[in-house]
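Enquirer: here's a sequence, model it:
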Amino acid sequence: MPSIRETILAALHARLSALPATALRGEVLPERVPADGLLILRDGEPGEPEVTLSPLAYHYQHRADIEAVVQDSDRDVAFDTLSAGIGAALADDRTLGGLCDWIEAEAPQPVDLPVEGATSLKAAVIPVVLHYSTADPLS
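Expert: Predicted structure coming up:
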């Protein structure tokens, strides 16, 4: 049986997979970026939990990362469209079907990456904070 953390990350990946961009999880950047863009979900760090003792509960603010990459002649518009799609997908259900207490993304800091002999890439890491509680740090 998967842990709460894994269940939440899988649900987040499923939510990203519904977007037109290709969504991967924990993969390396492929040689080619799909026309609709590329999203790579990184599991990130759960951080130090706050603990309540009665009943025992560990409250996490888990920070995962979404690497968003586009390669388009109009990469600014393509990146903005992709970012807005991620924001809408997260805002549609901030609890991922009741799996977590709250999910929110932070603003990306995009960079342009030149590619020799091809159209430049526009990429950013979009931090996503997952708020959830569990009875055991390993469950």
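
Enquirer: check this protein for its longest strand and report it.
Expert: If each strand of the chain is counted by residues according to DSSP state E, the longest one is strand 118-134.

Enquirer: buried ones in that one?
Expert: Burial within strand 118-134, assessed by neighbour count using 16 or more other C-beta atoms under 10 Å, is assigned to 121-132, 134. All C-beta atoms are positioned from the backbone trio N, CA, C, and that covers glycine.

Enquirer: who does that strand pair up with?
Expert: When sheet partners are counted by DSSP bridges, strand 118-134 sits next to strand 56-70 (antiparallel), strand 102-105 (antiparallel), strand 111-115 (antiparallel).

Enquirer: export those strands to TSV and tack on mean neighbour count?
Expert: Output for the strands paired with strand 118-134, formatted as TSV (neighbours: other C-beta atoms under 10 Å):
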stretch	mean neighbour count
strand 56-70	19
strand 102-105	16
strand 111-115	10
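
Enquirer: and those: which comes nearest Gly87?
Expert: Using C-beta to C-beta as the measure, strand 102-105 is the one of the strands paired with strand 118-134 that comes nearest Gly87, at 6.2 Å.

Enquirer: coming back round to it: among the buried residues of strand 118-134, which one lies nearest to His62?
Expert: Using C-beta to C-beta, the buried residues of strand 118-134 come closest to His62 at Leu130, 4.3 Å.

Enquirer: which residues touch the closest one?
Expert: 8-9, 12, 60-64, 100, 102-103 (C-beta atoms under 8 Å, 6 or more residues apart in numbering).
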